[in-house]
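Novice: For reference, the sequence and a predicted model appear below.
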Amino acid sequence: MTATPETGANLFPAGTVEPDYVLDEALGTDAAGAFESVSEADREHWMRARAFVQEDLLPVIAGHWDNSEYSLDLVRRLGELDLLRDGVAVDGYPEMSKTAAGLISMELSRGDGSIATVSGVQGGLAMRSIAMCGSEEQRQRWLPRMATGELLGAFALTEPTHGSDSVSLETRATRVDGGWLLNGEKKWIGNGSMGGITVVWARSDEDGQVRGFVVPQESEGYTGTTIRGKLALRAIHQAHLRFEDVFVPEENALPAARSFKDTAAVLFATRVSVAWGAVGHAQACYETAVQYAAQRVQFGRPLAASQIVQERLARMLSELTQIQLLVARMTEREESGTLTGEQASLAKYTSTRTARSIAANARDLMGGNGILIEHRVARHFADIEALHTYEGTETMQALIIGRSITGLSAFA
């Protein structure tokens, strides 16, 4: 029998055709008003990021994520909208507060973890390293082009055999006439194989201290191999780097990067941003679950009419609200210069753990549909696993917090 306008409806009994769910509306969830008093300037940055997510990102990102495609068009769009620099000061750009940078990180993460990581790597790590440790000439040479996305930046600290123990890095820097030679390997380096510049942290043969260098990726002896087979952050490329007698001219050595303390200062400045990202992922999962529960009909009524579903949504909202308040308060401390390393670790530790819980609950609430990439939650669920690990694993954050509680170090 051939379906016709008159007979087609009879081929599909009532209830057998699943609706096209609309799950990507921005609900602006803020039950405790954690962000309602942000300044107009901060809100303008925030809403610009939200518009990018709704108009540019969400219509295409599921396909990019599924196919492991890194969209440089999206990166350039981030640059056009001034969403790449994570608050780093660049001549010609308006001031961006810590709160504004956090809200941008939250919104980009609500859209997609890979794109949020692009901003975190480009602005939070690579640009911030140059801004904090570079000379004025170096800042002028690189930062403006990085802010637009014309020049991609990478931050090379982690090594194949030194992940959490990054202070023990073994990549070597040997002084030679006119500069330095770098030898060693790095791993999990976002943007490291994309043809831009890489901020490389290496141990000097002169005094054993960690130094920072800006290395063009086309340098002879520099090899960046994109890591394949990832189950998270699939829409950004991370690389395994190898340095074989890579020459770095003296003018590319960062003058204020002379010990691991300088490296740690850059990392400290980004830790709360990671917590903001976790809030964005958690919000995406919660809001997707809310929209799905309203549209999915089971047992003759929407899921949202079930007691157990309402309890789950209430639990997710409770957890989301807690980490929203946490990052807002920790950012207030960061703005005032009173944030401690232990507090930054607490923010990262709590937010990523809680985001994992919310994502797991949302995935389960959505049943089989919860594992489909097009329905958002599975993608965020996977990406949270990467967020939970990078810039300090849960264990490392717990040891920092534990040391502050007990006064005793348990790192070794």
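Specialist: Nice, I can see it.
Novice: Spatially nearest residue to the one residue sitting closest to the centre of the chain (excluding sequence neighbours)?
Specialist: Per CA atoms, centre = their mean, the C-alpha nearest to the average position across the chain is that of residue 117, at 3.3 Å. Spatial nearest neighbour of residue 117, excluding adjacent residues (CB to CB, 6 or more residues apart in numbering): residue 236 at 5.2 Å. Every residue, glycine included, has its C-beta placed from N, CA and C.
Novice: Same question for residue 113.
Specialist: residue 383 (3.0 Å).
Novice: element containing the one you found?
Specialist: Using DSSP states H and E, residue 383 sits in helix 377-389.
Novice: immediately after that helix, which helix or strand?
Specialist: Beyond helix 377-389 toward the C-terminal end (DSSP H and E), the next one is helix 394-406.
Novice: can you pull the buried residues of that next one?
Specialist: Neighbour-count burial for helix 394-406 flags 396-403 (criterion: 16 or more other CB atoms under 10 Å).
Novice: isn't the residue nearest to the centre of the chain right up against residue 188?
Specialist: No. The pair residue 117 / residue 188 is not scored as a contact, 10.9 Å apart, by CB atoms under 8 Å.
Novice: Specify the residue ranges that define each domain of the chain.
Specialist: 40-148, 153-258, 261-406 (automatic domain parsing).
Novice: and the end-to-end length of the last one?
Specialist: Start-to-end span of domain 261-406 (CA to CA, to the nearest Å) is 23 Å.
Novice: Could you number the chain from 669 rather than 1 from now on?
Specialist: Got it, first residue is 669 now, which makes that one domain 929-1074.
Novice: And it, how far out from the chain middle?
Specialist: 12 Å (CA atoms, centre = their mean, to the nearest Å).
Novice: pLDDT of that domain, averaged?
Specialist: When pLDDT is averaged over domain 929-1074, the result is 95.
Novice: from the middle of its chain, how far away would stretch 687-694 be?
Specialist: With CA atoms, centre = their mean, you get 24 Å for stretch 687-694.
Novice: how near is the residue nearest to residue 785 to residue 794?
Specialist: 13 Å (CB to CB, to the nearest Å).
Novice: Do I have it right that the residue nearest to residue 781 meets residue 949?
Specialist: Yes. Assessed by CB under 8 Å, residue 1051 is found in contact with residue 949 at 6.5 Å.
Novice: quick one: which of these two has more around it?
Specialist: residue 949 (30 against 27; other CB atoms under 10 Å).
Novice: now the helix or strand containing the more buried one against helix 1045-1057, angle please.
Specialist: Element membership for residue 949, per DSSP H and E: helix 928-963. Counting by axes from the mean of the first three to the mean of the last three CA atoms, to 10 degrees, helix 928-963 lies at 160 degrees to helix 1045-1057.
Novice: Buried residues in helix 928-963, which are they?
Specialist: With burial defined by 16+ other CB under 10 Å, the residues of helix 928-963 counted as buried are 928, 930-931, 933-961.
Novice: list the helices and strands that helix packs on?
Specialist: Helix 928-963 sits against helix 766-779, helix 781-787, helix 796-801, strand 878-884, strand 969-970, helix 975-1004, helix 1009-1033, helix 1045-1057, with contacts defined as 3 or more CB pairs under 8 Å, 6 or more residues apart in numbering; DSSP states H and E.
Novice: Mind putting the buried residues of helix 1062-1074 into JSON lines with distance to residue 918?
Specialist: What follows is the buried residues of helix 1062-1074, written out as JSON lines (distance: CB to CB, whole Å):
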{"residue": "1064", "distance to residue 918": "34"}
{"residue": "1065", "distance to residue 918": "37"}
{"residue": "1066", "distance to residue 918": "41"}
{"residue": "1067", "distance to residue 918": "38"}
{"residue": "1068", "distance to residue 918": "35"}
{"residue": "1069", "distance to residue 918": "41"}
{"residue": "1070", "distance to residue 918": "42"}
{"residue": "1071", "distance to residue 918": "38"}
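Novice: Of those, which is the nearest to residue 800?
Specialist: Residue 800 lies nearest to residue 1068 out of those, by CB to CB, at 20.9 Å.
Novice: ok, back up a step: do you know which of the domains of the chain lies nearest residue 702?
Specialist: domain 929-1074 (4.2 Å).
Novice: Count the neighbours of the nearest residue in space to residue 754 that is not next to it in sequence for me.
Specialist: Excluding the flanking residues, the one nearest residue 754 by CB to CB, 6+ apart is residue 791, at 3.3 Å. Residues near residue 791, counting by other CB under 10 Å, number 29.
Novice: and what of residue 1039?
Specialist: Neighbours of residue 1039 (other CB under 10 Å): 12.
Novice: Report the contact partners of the residue nearest to it when sequence neighbours are not counted.
Specialist: Of all residues not flanking residue 1039 in the chain, residue 1046 sits nearest, at 4.9 Å (CB to CB, 6+ apart). For residue 1046, the contacting residues are 1031, 1038-1040, by CB atoms under 8 Å, 6 or more residues apart in numbering.
Novice: Helix 928-963 and whichever helix or strand residue 868 is part of, what's the angle between them?
Specialist: Using DSSP H and E, residue 868 falls within strand 865-872. If you take the same axes, to 10 degrees, strand 865-872 sits at 140 degrees to helix 928-963.
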